[in-house]
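In: I'd like to go over a predicted model; first the sequence, then the structure.
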Amino acid sequence: MKVLITGGAGFIGSHLTERMLREGRQVTVLDDLSTGWIENLRGAFDYPGFEFVEGSVLDAATVGRLVAQSDIVVHLAAAVGVRYVLDHPLATILTNVDGTHIVLAACGKTGKKALVASTSEVYGKNPSDSLCETADSILGASSLSRWSYATSKKLDEFLALAYAKTHGLPVVVTRFFNIVGPRQASRYGMVLPNFIRAALKDEPIRVFGDGCQTRNFTYVSDCIDALVGLLRSPQAEGEIVNIGSPHEISILNLAEKVKSIVGSSSQIVKVPYELAYPEGGFEDMRRRVPCICKISRLIGWSPTTSLDDMIARTIGPARHQPPLPAGLFSTEGVPYAEGR
Ligand SMILES: NC(=O)c1ccc[n+]([C@@H]2O[C@H](COP(=O)([O-])OP(=O)(O)OC[C@H]3O[C@@H](n4cnc5c(N)ncnc54)[C@H](O)[C@@H]3O)[C@@H](O)[C@H]2O)c1
């Protein structure tokens, strides 16, 4: 079984690559290394069935060739992270919409099964206690460019379902809710790696807004279990499926937990959104809680890793991470928001 993983040098993609290789599959990763690291694939190069192709999902010829050589395709490549989306508004839309279309078109041509990564961001500001996959998207104004990420991913979902209907393409769409773990980059606005980075250096942990906004975190290995299960499930084809944890925590409590588990002397500082995003384009949502009845029904999945364990397992490798290149940020990281 040959698997093509786009975005496989990124956080989720590199963990999926390792799992697939360990299970005896051949894996090709296509990644342009825009937010991913070749270092994330260090372990993968030990396997003879592994191939890395540096290139873009926007290159239809390369995508067509790699899809033709594969049995299934996992499409994770995307422009991600609040900071990245605000800084690269056009590239975000083109990568997420054109890139997904190119991948789906190649799968459609060759009848290859595809899994397309989407996001809880498509629920926008819907504050429901339990967001099921048919819940409404409540998105903000187009003048706020943070919503371009959700909108582009929502269009990806429509494209995937349209390919399924029009070409009979076996496709699964997954909506991730704040997946965390080792290798998640802190550079583009992800909350947990930023809190851990600050705590390890005894620097201020910056909580945006009042800190009462809540998020739901899922450990990456639980997420990989879900992806592997969904890829094996014929019942999941043609479906959109939440992957997340129903357990909610406020961002302020998360900061306190990280500080305590690291044993840090960091101060926890509240930063108004206007200071965190002086260029504008951002607004927050108070909560986003997944319903996981569907994935539980389809493959019997529910997350098993506690938040304390997620934090502890992420801290270890983070202690050894190289410092960020100078000049990458005007501010000291952006310690909040899944932003997706
Ligand atoms: N981590 C989460 O909590 C989360 C939440 C919701 C959705 N997602 C989705 O999951 C997927 C993986 O996200 P991640 O957290 O691993 O982020 P990531 O940034 O670590 O991974 C994305 C990868 O895609 C690559 N990429 C970007 N543009 C590309 C292009 N044009 N061609 C080829 N490669 C390209 C990047 O270099 C990177 O390696 C994305 O589709 C993202 O939207 C993740």
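Out: Great, that's in hand. These numbers come from a predicted model, not from an experiment.
In: the helices in the protein, which residues?
Out: 11-22, 60-68, 82-87, 89-93, 99-110, 147-167, 191-200, 220-232, 251-262, 273-276, 293-299, 307-318 (DSSP state H).
In: does the fourth one come close to the ligand?
Out: This points to helix 89-93. No: against the ligand, helix 89-93 shows no contacts by Cβ under 6 Å from any ligand atom, the least distance being 8.2 Å. The C-beta positions use only the backbone N, C-alpha and C, and glycine is treated the same way.
In: reformat the helices of the chain as JSON lines; add mean neighbour count and mean pLDDT.
Out: Output for the helices of the chain, formatted as JSON lines (neighbours: other Cβ atoms under 10 Å; pLDDT from 0 to 100):
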{"stretch": "helix 11-22", "mean neighbour count": "23", "mean pLDDT": "98"}
{"stretch": "helix 60-68", "mean neighbour count": "18", "mean pLDDT": "98"}
{"stretch": "helix 82-87", "mean neighbour count": "22", "mean pLDDT": "88"}
{"stretch": "helix 89-93", "mean neighbour count": "16", "mean pLDDT": "95"}
{"stretch": "helix 99-110", "mean neighbour count": "22", "mean pLDDT": "97"}
{"stretch": "helix 147-167", "mean neighbour count": "19", "mean pLDDT": "97"}
{"stretch": "helix 191-200", "mean neighbour count": "25", "mean pLDDT": "96"}
{"stretch": "helix 220-232", "mean neighbour count": "20", "mean pLDDT": "98"}
{"stretch": "helix 251-262", "mean neighbour count": "19", "mean pLDDT": "98"}
{"stretch": "helix 273-276", "mean neighbour count": "14", "mean pLDDT": "88"}
{"stretch": "helix 293-299", "mean neighbour count": "17", "mean pLDDT": "98"}
{"stretch": "helix 307-318", "mean neighbour count": "17", "mean pLDDT": "92"}
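In: nearest to L131, out of those helices?
Out: Nearest of the helices of the chain to L131, taken as Cβ to Cβ: helix 293-299 at 11.0 Å.
In: contacts for the closest one, please.
Out: Contacts to helix 293-299, defined as Cβ atoms under 8 Å, 6 or more residues apart in numbering, come from residues 132-133, 226, 229-230, 232-233, 235-236, 239, 241-243, 301-302.
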